[in-house]
Structures are given as structure tokens and as C-alpha cells.
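1. Predicted structure and sequence below. I'll ask about it afterward.
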Amino acid sequence: MNKSELVFIPSPSLSHLIPTVETAKLLLLRDSRLSATILLPPPIFAIDTNAETYVKATSSNPTFSSRLKFIRLPHIQHSNKHFFEHYNVQIPNVRQEISNLLTKDQNPRLSAIVLDIFCAGLVSVAAEFGLPAYLFFTGGAICLGVYQHLVSLRFDHNEDVTRYLNAEVDLPVPCFSLAVPAKVLPAVTVDETFSPEIFLSHFKMFSEVNGVLINTFYDMEPYAVESLLSDDKTPEIYPVGPVLKVESKWFDEDVDVKKWLDDQPENSVVFLCFGSLGIFGEEQVREIAKGLENSGSHFLWSLKKSHDPKLERERSEYFEGFSERTKGFGRVMGWAPQAAVLAHPAVGGFVSHCGWNSTLESVWFGVPMTTFPLHAEQQLNAFYLVKELGMSEAITLDYQMDFTGEKPPESVGWEVIAGGIRRLMAEEGGSGVRRKVEEMGKKAREALVEGGSSYNALTRFIEDVMRSID
């Protein structure tokens, strides 16, 4: 029996690492002929202890330990500030690891390399060894389609896409049924601050791969999936999601929060969580706090600490009074086990930054969202959820968090925040978002079982990989 080994190279951030490794695990569970090696690039910033814990737990899991291994790539100093270079400098190390795997005189045989989209520059290594290369796209099909469209505008039609920054125009985009407001386009594609020329040039590499695995499922994005399938410039696509790590545990330090949730009525608590980069300035923090006080809802707020000690002291003083005023109906915590919180029956709403993993978790657990996007493709996701699917309420669709410190911070007022939460948590909301997200959650589960759309897409990917070594 031919056995096949796949090499995965993820981005080291938790939001990319987990879905990539979970996809590898899913493949191993589906087909005993497969094994996987994960080449781990070093973190771009500080070491993420949650990522370290996840890798250790996966490595020691007896279900996978014999067929799944991790190899850490060494840190290499480089002067280029663009984060793509963080991965491109690893080409010699990746080349060596691939060579080592190919020279082993044993079964399984190395059959393909699966790259995170940020690591697409490493596709040249696969070409050197005559190996098929695939991309794993951690976002949705809508995002992939928008990137493809902007690449075409820039390089096929020589259009200056930076003119869309903050423009009051709507664009026809093939993967959307509605015209897309320019204000929700990913900033990295239109804002000179982020070197969009480099970013879009990187995305031209889509045409060099054999296929793209996408963490989505057909019923979540049927229009976008069909658009990509019909585009002769797009390689083979495999919508294999939702790929999630839903087994999330409460930590000992969170026991009081867990007990508090246990005492709340079903669907009565709104949960606020804004991802690993969701650290607001003090003005916005206070607006959110006032919005919660005036929303009429019980709440659980995952609030990341400020990196500024002075601001953190001021925040602590403010929150003494806030905690006292809201102690009967609210809790504030630091990092939260998001999946465990969303799975709790007391949680009936989710104020989210609309990261794609969080969006899929919201769907999986049937918890409706109200949108508060911050960066990356999150504004695009928010627009899709609210306007195309009608599956979310909105606090804002186009809020942009500034990470450069060069722009005055935006602030969403407490009245807008309170209103968005009230609409979300209303018992009989006229928009029907709760019913819609619960229905989509059922479709997500159906996609993964035998005969489902994502099950079939994963089967197709396995067949294509195995065909390459026959």
C-alpha cells in the first residue's frame, strides 16, 4: 500500500497555526495512508504561550504522535520589515528539511507541500523538488475572491487600487452578489502604509499552486465558491471547513467566571471578545464599558491588557467603579477560552472582531454576532455577514484599528454599542439572526459528515495527492 507524507508550513500565529494543524489531523483521521510533518517558522513577535501549549499537546496526543511530527525552523535575522520576508528567509532551511525527507529510503513518500498563504513565497522550494504545492487559506472564500479580484485589477488592468482607500464607492466583485463598499476592503490591499504592491504581488502566486484548501463550507459561501470554481485563473479549490478546535477547556483561574455563567439564564449573556490583537485605547474601552452599562444585557467581556503601564493603571482605577456598578450583571476577564464560552448555554450573543475563526465558531455554536471589525479582512467579513447573509447585527462595519500610531484613533460611541447589543439580544429580533445562525450551524455539521460538501472536498484532495505518487 502506497503511503503519503504531506509537509505543512503554517504561519506561527495561533489563528493560522490551529486551523492548519487541525486540517492535518483531519486528514490523518480520514486516511491511514497519510502522515504529516509540520515545519514551524519562528514567531514574528514574542513567543505565544498558547501556541506553545497547543503544539506540545498535539505532539503528545497518542492518536497522532506516530504519524504527525513537528520540526522547528531556526530564527534568522533579516532587515526587511515586511512580514513576508520572515518566511522567505527560511527557504534554505525548508529546502534542507524537504531534502532530508526525500532522501529517506522508506515509505511514506513525500507527496506534497501545503503552505499557509503568508508562506506562499516558499512555493519555489516545491518546484525545485518537483512536488505539488497547495495553499491553505485560513480565511473565507469571499476574502480569497477579493484578493484575486484586486490582483487582477492591479496587474491585468494596471489599475491603482490605492485610490479605493476611504473612497465612498461600491465595487462589483465576482465573489459577492452585492457591490462591495471600498471602505471594507482589506487595508493591506489599498493603504500605502502596508505596502499593498508587495502584498498583491505575493498573492499573484496563487497561479503557481496546484490547489487551495479553504477553511469554509459550501452553504456558508455558495456564491463565492461557485465564483472561484468558474474562474479559470483560480487553481483547484477545496472548501474543507469548518476546521475548528472546539474542545476548549476552562482554566483554574477562570472558575469564578464559569460559576457565574452557570447561574445565568439561557441565552442571556452577551460575550465580547476581539481576538489576540484587539487591544483598544482608553477612550474606546470606556465607550464599550458605558455601552455595556446601558445595554440592559448581562455581559462577559474579555479585555486584553494595555501594553502601556500608565494606561493600565488608569484603566484599573476606572474599572474599580465600573465593576462595582455592574457586579450584578457583568464580568470582565483577561484572555478567555472562547470556544468554551460560546458553547455555554447562558451565552446568547457575541460582540466580535469578525476574524474568520471566530465567525466559524459563532456559527458552530449557534451564537449570533454583532460586528465590531478591527483589521485585516474583518471589515469584509462583517459586511458579508450583515448585508449578504443577514446573519449578524452590526455595531460597525468599517472601523479600522491603527497599529502604526500614525493616525488619531477612531472611537465608536457608547450609544451605538449599546444599540447593537440590544438588537442582538432582543428576545424576538425582527432580523431573525438567531434563527439564521442556528440553521447555518446545522449546515456546518452536515458539511463534515460522510456525503457532505466539505467531506467530499477533502476526499477529492486526498485522491489528488495520492494520484501524484502512483
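-> Structure received.
2. who's in contact with residue 217?
-> Counting by C-beta atoms under 8 Å, 6 or more residues apart in numbering, residue 217 touches 239, 241-242, 443-444, 447-448, 452-454. In this view, the C-beta of every residue, glycine as well, is placed from N, C-alpha and C.
3. Now, those that are in helices?
-> 443-444, 447-448, 453-454 (DSSP state H).
4. still on that earlier bit, among the contacts of residue 217, who's most crowded?
-> Neighbour counts for those, by other C-beta atoms under 10 Å, peak at residue 241, which reaches 32 neighbours.
5. Let me know whether that one touches residue 455 as I believe.
-> No - using C-beta atoms under 8 Å, residue 241 makes no contact with residue 455, being 11.2 Å away.
6. Quick check: neighbours shared by those two?
-> Residues touching both residue 241 and residue 455 (C-beta under 8 Å, 6+ apart): residue 447.
7. so where is the protein shaky, pLDDT-wise?
-> The model of the chain has pLDDT under 70 over residues 1, 46-47, 79-81, 105-107, 403-406, 408, 427-431, 470.
8. Okay, domains of it per the record?
-> Using automatic domain parsing, the domain parsing of the chain gives 4-245+450-467, 252-443.
9. What segments of the stretch 351-470 of the chain are helices?
-> Remark: helices assigned in the stretch 351-470 of the chain by DSSP state H, counting those that start in this stretch are 356-364, 378-383, 414-425, 433-448, 453-467.
10. Off-centre distance for the helix or strand where residue 96 lies?
-> Per DSSP states H and E: residue 96 is located in helix 91-103. Relative to the chain's own centre, helix 91-103 is displaced by 29 Å; criterion: C-alpha atoms, centre = their mean, to the nearest Å.
11. which other residues reach that helix?
-> With C-beta under 8 Å, 6+ apart, helix 91-103 has contacts from 5, 7, 9, 37, 39, 71, 73-74, 76, 110, 113, 121-122, 124-126, 128-129, 131.
12. mind running it again at 6 Å?
-> By C-beta atoms under 6 Å, 6 or more residues apart in numbering, the residues outside helix 91-103 that reach it are 39, 71, 73, 110, 122, 125, 129.
13. swap in stretch 3-12?
-> Residues outside stretch 3-12 that contact it (C-beta under 6 Å, 6+ apart) are 16-17, 20, 24, 33-39, 41, 43, 107-108, 110-116, 118-119, 465-466, 469.
14. Out of those residues, list just those in strands.
-> Counting by DSSP state E, the contacts of stretch 3-12 place 34-39, 110-116 in strands.
15. between those residues, which is closest to residue 67?
-> The shortest approach to residue 67 among the ones in strands among the contacts of stretch 3-12 belongs to residue 35, at 4.0 Å (C-beta to C-beta).
16. give me the number of residues near the closest residue in space to the closest one that isn't next to it in sequence?
-> With C-beta to C-beta, 6 or more residues apart in numbering as the criterion, residue 35 has its nearest non-adjacent residue at 4.0 Å, and that residue is residue 67. Neighbours of residue 67 under the rule other C-beta under 10 Å: 19.
17. all strands of the stretch 101-250 of the chain, in order?
-> 109-116, 133-137, 170-171, 180-181, 211-214, 236-239 (DSSP state E, counting those that start in this stretch).
18. Kindly calculate the angle that the longest one makes with helix 453-467.
-> Using axes from the mean of the first three to the mean of the last three C-alpha atoms, to 10 degrees, the direction of strand 109-116 lies 130 degrees away from that of helix 453-467.
19. partners of strand 109-116, with directions?
-> Using DSSP bridges, strand 109-116 pairs in its sheet with strand 4-9 (parallel), strand 133-137 (parallel).
20. Can I get these in JSON lines including mean neighbour count?
-> Below are those laid out as JSON lines (neighbours: other C-beta atoms under 10 Å):
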{"stretch": "strand 4-9", "mean neighbour count": "24"}
{"stretch": "strand 133-137", "mean neighbour count": "24"}
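21. Looks like the residue nearest to residue 35 contacts residue 34 (just checking).
-> No - Residue 67 is not in contact with residue 34 according to C-beta atoms under 6 Å; the separation is 7.2 Å.
22. got any residues that touch both of these two?
-> In terms of C-beta under 6 Å, 6+ apart, residue 67 and residue 34 are both contacted by the residues residue 28.
23. now residue 396: how far from residue 287?
-> Distance of residue 396 to residue 287, computed by C-beta to C-beta, to the nearest Å: 12 Å.
24. And residue 233, by the same measure?
-> Between residue 233 and residue 287 the distance is 44 Å, computed by C-beta to C-beta.
25. repeat for residue 433
-> For residue 433 relative to residue 287 (C-beta to C-beta), the value is 23 Å.
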